[in-house]
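>>> build the 3D model from these lines:
(chains A and B)
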Amino acid sequence: MDANRVTRRRLMQGSGGLLITFSLASAFRQASVVGQEATPTIAPELPEASVTPTVEPGLVATPENQTHQDVQTRDVTGDTVDSWLEIDASGNITVYSGKVELGTGLRTALTQIVAEELDVPFARVTMIMGDTARTPDQGTTAGSKSIQVAGPVLRQAAAEARLILLTRASERLGVPADDLQVKEGVVSTLGGEDRSVPYGELVAEPFEREVTGEAPEKPPASYVLVGQPIQRVDIPPKLTGGEAYVQDVRLDGMLHGRVVRPFVRTMEGIGATLQNFDDSAAREIPGVVQVVRNGNFIGVVAEREEQAITAAKAIKVEWAFGDPLPAINQIHDLLREMPVNEDEGGEIVRNGDVEGALGVAAQSVEATYRFASQAHAMMGPSCAVADVRPDGATIYTQSQNVFNQGRTLADLLGLAPEKVHTIFREGSGCYGHSGFDDVAADAAMLSQAVGRPVRVQWMRADEFAWEPKSPPMTMDLRGGLDDRGSIIAWDYEVWTPTHNTRPGGDASSVLAGQLKEPPAAMFEVGYGGGDRNAPTNYSFPNNRVTVHWVETPPLRPSALRSLGGLANATANELFMDEMAAAAGADPVEFRLRHLYDPRAIDVITKAAEAAGWDARPSGPSATPAADGGLVKGRGIAFARYETEYAYAAVVAEVEVDPSKGNVRVTRAVVGHDCGLIINPDGLTNQIEGNVIQGTGRALKEEVTWDEHLVTSLDWSGYHILTFPEVPTIEVALIDRPEEDALGAGEPAICPVPAAIGNAIFDATGVRMRTMPFTPERVLEALGSAAS
Amino acid sequence: MAMLRQGDLEITVNGQSHMVEAAAETPLLYVLRNELKLNAAKFGCGLSQCGACTVHVDGEAVRSCIYPVSDAAGKQVTTLEGLGTLEDPHPIQQAFLDEQAAQCGYCIPGMMMTAVAFLNQNDQPSEADIRQALAGNLCRCGTHVRIIRAVQRAADTMA
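Modelled structure (predicted):
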């Protein structure tokens, strides 16, 4: 037997026979701590569970009992304590969060924060997330910002509530508040006197106070829930077929819809207009309720899902396409020639005299990097359920921003914004702005047409065709070294489309709004995300960063995990390695040479130590160890998220097959510092996901298109990492309880492709500068190097 | 194009027999999700490429998104709901919980169904065996290392 495998028997022996197992049912009700069986001492004394489920109860929604008119109206201002949380007479707490669970563990982490600050058992806290009728508008759940932005808001609301409760308890008990303590939701007198009152007896009246921001917060040193690897509350229903997803919403009288359009998504819709349309065959299909046509918007609604799918295929359409898409094999050069927005971008960093320093440099290096267009590629295609009536609408959606989606759908449907009630339900992991807002618009259009609830889930090709994409980017770098091997000049220039076209209230920001007749006026495009991590955190005496915002991306772009941060960090860190090689320096030491921020230095050092970094200048040794023809290498890369938030360094080890060009990442080691850690196991889960998704994006992922259409339409055309290709992953966390908790959903992906590219150089001596590093590109690079 | 006909079909799912209204060629997935209101099997691709819809038919893992419901007649269909519940989980479910082997979780039911069919054939798998057994199941969140650990843990428990 494999000696490394931990058996149940050994676990029992290891914990002195005290095997604590949690059933799924008990996990659903009480806080369970990851790894508790093996090392029970790391767990705090977790309080007795309440029977309150910590996930919102199953859907009971029907058109009869949950339309917009019937939803409880409550204070959603976010200004008051009551708008954030309620405590009932049993002491159970309901938190109202405008941020939503995207499969990252946010529900659990925010629950830990609130329970901690209120001194109540974890299981007492239930969280309602993303509901325009019930939760404050906290904007988009994105950008790795929920813990760092929403965490402090809820902590302060909870602290304010605790302060009010202590005041009320003081009055009730006739004891100064300073002489009171709270344990597990019960306020009691300090010292021997046995006088106490539970929270539930102090909440007959609402809080009726604004969140002042001045309530005292618990010192991190006293935390018992924050910092613990509490099991995620959203997982048990996902493991047992619970109603966990928007895909599982079933309303009474609900019909199924599908939409018909060409497999492409441009800035202004589909780049085509309907020429011929024949729905006669579709209308003959049993169960078809209605074929809906409104301008270029075409859909079909049927009693059963498979009928809607069959009918959509039976609708005969011919489209007239406009200008062809820019050629994919030239796209990175074409980006330089496309019109750029003159109001935005330009030189966003200018320190010293870059040209002068390059002129006197002992050595100079130049390189161009190209990053492909990539897809969110959700496992479950976008889905929504809409119930649109003449007097209002209810939408179940996995949108990252139900508030803006509500406003956008109101514009689309011709309803007042307050008449559109959007309710978040989890979907498949999205990693950014995928098709969820568009599919909600599709469902809403179809529901409005038939006057009944309609569920739409896009098909696989629909998702790949119509989701907004991470756009292609081109990066030019020039650098100069002095005669001691320090960088004296750094010149970075990037050509990027915007990475953010999220709906903000205009119907034209969803596909249906662009296709209907008359089409909604084109929404104003903002420019953002493409400049993320274009500047580095290194200290260069002469440094220039120039951003060109390309106005005409081939396909509709929008936010995908870290936005432009991935391509920019990749280019910067690949080039940093090229500079290190030119300086004849070890890549770790070379990076540290140019850093002053102790946290940046720590995270790189931590990753290198954890990996057992082989310190030496990179490049293949004279006599590569033959291992079936494979050559091995290691590389490192570092990035600070958006150059100002969490820190991540990644060491990658690769095996390259020079005969086939295949690259396998065998091991990845991550150093990670996101300040105060709320839940170390949830955090590790996110970091592992970043490494695996980042490895796929480095090696395999590429959206493709032809003259008019996207051609990467299924999993045989868009390749993500598979089980045999997944590296072993080690995560070295740096916890800084006295620092702000920073988001961790995205930082660790940023250094991954460069760490891999740098390891490929170490293995082969060849610089890969076009992502993804496909076998074809590796072979081509090896061939160029040999010739 | 084949006409969808009202079927007169009986299938057995998780030990219970059901009269199915769907036409014979309807993929089993839609019957499970929409007629029987079983949530675990997911629509991922409809092309048998991703594994999110995996269920067991007579103990074998099949992709229900392309499996005609009529082919299930006279056979035992098992979905994740048939393996275990919140109160009485199957070892694979308990293992996934213990390892916290989910992020969004959308692919996970298919992972568990594939894994159980595999473990029934190989109760002492190596890590490489598990990776190969799950090679046709896709996960976009990057939960693979936890899934591998969970399947190993389940193998230990089930052995």
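
>>> where does A:Val292 fall, phi/psi-wise?
With angles defined as degrees, to the nearest 10, A:Val292 shows backbone torsions of phi -110, psi 130.

>>> number of residues surrounding it?
In terms of burial, A:Val292 registers 22 neighbours under the definition other C-beta atoms under 10 Å in any protein chain shown. (Each C-beta comes from the backbone N, C-alpha and C, glycine too.)

>>> give me the nearest residue to residue 118, chain neighbours excluded.
This is for chain A. Distances taken as C-beta to C-beta, 6 or more residues apart in numbering or on different chains place A:Ala158 nearest to A:Leu118, at 4.9 Å, with adjacent residues excluded.

>>> wait, chain B was what I had in mind.
Spatial nearest neighbour of B:Phe118, chain neighbours left out: B:Ala133 (4.1 Å); criterion: C-beta to C-beta, 6+ apart.

>>> domain ranges for the chain, per the record?
If you meant another chain, say so; for now it's chain A. According to automatic domain parsing, chain A is divided into the following domains: A:8-239, A:246-323+A:376-466, A:473-786.

>>> meant chain B actually
B:9-82, B:84-158.

>>> please see if the first one touches chain A.
Read that as domain B:9-82. Yes - contact of domain B:9-82 with chain A is found when judged by C-beta under 8 Å from any C-beta of the partner chain, involving B:22-23, B:26-27, B:30, B:33-34, B:37-40, B:42-47, B:49-50, B:52, B:79-81.

>>> filter the residues you listed down to the buried ones, ChimeraX style.
Only the buried members of these enter the following ChimeraX selection, criterion being 16 or more other C-beta atoms under 10 Å in any protein chain shown:
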select /B:22,23,26,27,30,33,34,38,39,40,42,43,44,45,46,47,49,50,52,79,80,81
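
>>> related to what we said a few turns ago, JSON lines for the domains of chain B, including mean pLDDT?
Rendered in JSON lines, the data for the domains of chain B read as follows (pLDDT from 0 to 100):
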{"stretch": "domain B:9-82", "mean pLDDT": "97"}
{"stretch": "domain B:84-158", "mean pLDDT": "98"}
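
>>> so which of those gets nearest A:Gly783?
domain B:84-158 (29.7 Å; C-beta to C-beta).

>>> quote the end-to-end distance of that closest one.
For domain B:84-158, the separation between the terminal residues is 14 Å (C-alpha to C-alpha, to the nearest Å).

>>> and if you look at stretch A:225-239?
Between the opening and closing residues of stretch A:225-239 there is a gap of 24 Å (C-alpha to C-alpha).

>>> quick one: is it near chain B?
Yes - under the criterion of C-beta under 8 Å from any C-beta, chain B is reached by stretch A:225-239 at A:231-232, A:234-239.

>>> for B:Val116, the count of nearby residues, please.
Counted with other C-beta under 10 Å, residues neighbouring B:Val116 total 23.

>>> got the phi and psi for A:Asp343?
Backbone torsions of A:Asp343, given as degrees, to the nearest 10, read phi -90, psi -20.

>>> same question, A:Met473
phi -140, psi 150.

>>> model confidence at it, what's the number?
pLDDT for A:Met473: 98.

>>> do I have it right that it meets A:Leu566?
No - the pair formed by A:Met473 and A:Leu566 falls short of the contact definition of C-beta atoms under 8 Å, at 9.2 Å.

>>> mutual contacts of those two, please.
Listed contacts common to A:Met473 and A:Leu566 are A:Phe371; contacts here mean C-beta atoms under 8 Å, 6 or more residues apart in numbering or on different chains.

>>> if we can go back for a sec, which ones are touching the residue nearest to B:Phe118?
With contacts taken as C-beta under 8 Å, 6+ apart, B:Ala133 has the following neighbours: B:114-115, B:118, B:122, B:125, B:151.

>>> highest neighbour count among those?
In these, the most neighbours by other C-beta under 10 Å go to B:Val151, 29 neighbours.

>>> for it, which three-state class applies?
Each residue gets one of three states, and B:Val151 gets helix by DSSP: H, G, I helix; E, B strand; the rest coil.

>>> with neighbour count and secondary structure as new columns, can the residues of stretch A:225-239 next to chain B be given to me in TSV?
Written out in TSV, the entries for those read as follows (neighbours: other C-beta atoms under 10 Å in any protein chain shown; DSSP: H, G, I helix; E, B strand; the rest coil):
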residue	neighbour count	secondary structure
A:Gln231	26	coil
A:Arg232	31	coil
A:Asp234	25	coil
A:Ile235	25	helix
A:Pro236	29	helix
A:Pro237	23	helix
A:Lys238	25	helix
A:Leu239	30	helix
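
>>> between those residues, which is closest to chain B?
The shortest approach to chain B among the residues of stretch A:225-239 next to chain B belongs to A:Lys238, at 3.4 Å (C-beta to the nearest C-beta).

>>> that closest one touches B:Ala102, doesn't it?
Yes - contact status for A:Lys238 versus B:Ala102: in contact at 5.5 Å, counting by C-beta under 8 Å.

>>> quickly list what's touching both of those two.
Taking C-beta under 8 Å, 6+ apart as the contact rule, the neighbours common to A:Lys238 and B:Ala102 are B:Ile108.

>>> need the helices for the stretch 51-200 of chain A, in chain order.
Listed in chain order, the helices found in the stretch 51-200 of chain A under DSSP state H, counting those that start in this stretch are A:81-84, A:106-118, A:151-173.

>>> where does the stretch 101-250 of chain A dip in pLDDT?
Applying pLDDT under 70 to the stretch 101-250 of chain A picks out residues A:192-193.

>>> can you get me a residue count around residue 73?
Assuming you mean chain A. The tally of other residues near A:Thr73 (other C-beta under 10 Å) stands at 9.

>>> meant chain B, my bad for not saying
B:Ala73 is surrounded by 15 other residues when neighbours are defined as other C-beta under 10 Å.

>>> which residues touch it?
Contact analysis of B:Ala73 by C-beta under 8 Å, 6+ apart lists B:9-11.

>>> how much space between it and B:Arg33?
When C-beta to C-beta, to the nearest Å is applied, the distance between B:Ala73 and B:Arg33 equals 19 Å.

>>> in three-state terms, label the nearest residue to A:Asp131 once chain neighbours are set aside for me.
Using C-beta to C-beta, 6+ apart and skipping the chain neighbours, the partner closest in space to A:Asp131 is A:Ile423 (5.1 Å). With three-state DSSP as the basis, the three-state label of A:Ile423 is strand.
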